[in-house]
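Fold the following for me, if possible:
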Amino acid sequence: MSLKNFTKGLLFGSLIGASGGLLFAPRKGSQMRENLRNQIEDTLDNAEQISESVQNIKAAANEVRDGLENLLAPAIQGIEKDITDFQFQVEPRISQLQEQLEKIEKELPQKDK
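Numbers count the residues shown, from 1 in each chain. Purely as a prediction, here's the structure:
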């Protein structure tokens, strides 16, 4: 739901409620107009506060996203370097183990089938 639609709905609902109040209220017209004016002003103030809150939330979300991007990039690079270093260290050892395994297999007596 967009903020515009929410604000329009909020204003429309307030106007409908105020109009209904005018029709069924036992007050004078001048009092009703004053109450209606106050309700509309309150509704506009609330809509403005909601709009400001949404903007603040968007700004905070953007700051969090930017912060995460700044933190994650170096972490990912560090992990990639660690993986490369690990592969560099492990590959020769795997080759040595395979050579030793082949020697052991050659030296074991062969069973007749």
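
This structure: helices as residue ranges?
Remark: helices assigned in the chain by DSSP state H are 3-24, 29-107.

and those helices, which one's lowest on average pLDDT?
Among the helices of the chain, helix 3-24 carries the lowest mean pLDDT, at a mean of 77.

Please report how far the most centrally placed residue in the chain lies from residue 68.
Centrality entry for the chain: nearest residue to the mean C-alpha point is residue 61, 7.0 Å, by Cα atoms, centre = their mean. Residue 61 sits 11 Å away from residue 68, taking Cβ to Cβ, to the nearest Å as the criterion. Backbone N, C-alpha and C define where each C-beta goes, glycine included.

try residue 95
The value you get for residue 95 to residue 68, if Cβ to Cβ is used, is 40 Å.

Tell me which of the helices of the chain is the most buried.
Greatest average neighbour count among the helices of the chain goes to helix 3-24 (a mean of 12), per mean count of other Cβ atoms under 10 Å.

so what secondary structure elements neighbour it?
With contacts taken as 3 or more Cβ pairs under 8 Å, 6 or more residues apart in numbering; DSSP states H and E, helix 3-24 sits against helix 29-107.

Determine the set of other helices and strands touching the helix it packs on.
Using 3+ Cβ pairs under 8 Å, 6+ apart: helix 29-107 touches helix 3-24.

Pull the helix it packs on out as PDB, backbone CA atoms only.
Taking Å, rounded to 0.1, in the frame of the first residue of the first chain, the C-alpha atoms of helix 3-24 are listed here in PDB:
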ATOM      1  CA  LEU A   3       1.600   6.300   1.300                       C
ATOM      2  CA  LYS A   4      -0.600   8.400  -1.100                       C
ATOM      3  CA  ASN A   5      -3.400   5.800  -1.000                       C
ATOM      4  CA  PHE A   6      -3.200   5.500   2.700                       C
ATOM      5  CA  THR A   7      -3.300   9.300   3.100                       C
ATOM      6  CA  LYS A   8      -6.200   9.500   0.700                       C
ATOM      7  CA  GLY A   9      -8.100   6.800   2.600                       C
ATOM      8  CA  LEU A  10      -7.400   8.400   5.900                       C
ATOM      9  CA  LEU A  11      -8.700  11.800   4.700                       C
ATOM     10  CA  PHE A  12     -11.700  10.300   3.000                       C
ATOM     11  CA  GLY A  13     -12.600   8.300   6.100                       C
ATOM     12  CA  SER A  14     -12.200  11.400   8.300                       C
ATOM     13  CA  LEU A  15     -14.400  13.400   6.000                       C
ATOM     14  CA  ILE A  16     -17.100  10.700   5.900                       C
ATOM     15  CA  GLY A  17     -17.000  10.400   9.700                       C
ATOM     16  CA  ALA A  18     -17.200  14.100  10.200                       C
ATOM     17  CA  SER A  19     -20.100  14.400   7.800                       C
ATOM     18  CA  GLY A  20     -21.900  11.600   9.600                       C
ATOM     19  CA  GLY A  21     -21.300  13.400  12.900                       C
ATOM     20  CA  LEU A  22     -22.800  16.600  11.500                       C
ATOM     21  CA  LEU A  23     -25.900  14.900  10.400                       C
ATOM     22  CA  PHE A  24     -26.500  13.100  13.700                       C
END
